[in-house]
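Novice: the sequence isn't on hand, but the structure is:
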């Protein structure tokens, strides 16, 4: 007889758990922050240059201007760097406006 009383109780708890998860999912999946602003990017870029100059990123980041630029891009947003530049890093003298815009878009979202 106790089995007949416990089973509806367990079903009710299970239903409430599922309902709670469904109601909370949009809150968890929504962005927790606002998009980054141009001023915040400039400030973080300055901090990245300072970190690289101080040696925090290692000597390879100070070996050339383009190596420094690749390290700054990685410092600003490692996920965006891996998505846009990792397979084909910037080379000396290269100005890639298309990838630059893709990188900025990646950072803003």
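Specialist: Cool, the structure landed. Just so we're clear, the structure is a prediction, and the values are computed from it rather than from any experiment.
Novice: how's the chain carved up into domains?
Specialist: Structural domains annotated on the chain: 1-30, 38-108, as defined by automatic domain parsing.
Novice: want to try JSON lines for those domains, with mean neighbour count as columns?
Specialist: All C-beta spots, glycine's among them, are computed from the backbone N, C-alpha and C. Listed next are those as JSON lines, based on neighbours: other CB atoms under 10 Å:
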{"stretch": "domain 1-30", "mean neighbour count": "9"}
{"stretch": "domain 38-108", "mean neighbour count": "14"}
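Novice: make a markdown table from those domains and add mean pLDDT to it.
Specialist: Formatted as a markdown table, the domains of the chain follow (pLDDT from 0 to 100):
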| stretch | mean pLDDT |
| --- | --- |
| domain 1-30 | 57 |
| domain 38-108 | 93 |
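Novice: please, where are all the helices along the chain?
Specialist: Under the criterion DSSP state H, the chain carries helices at the ranges 2-29, 38-53, 65-76, 78-84, 97-108.
Novice: neighbours of residue 36, how many?
Specialist: Using other CB atoms under 10 Å, residue 36 has 15 other residues around it.
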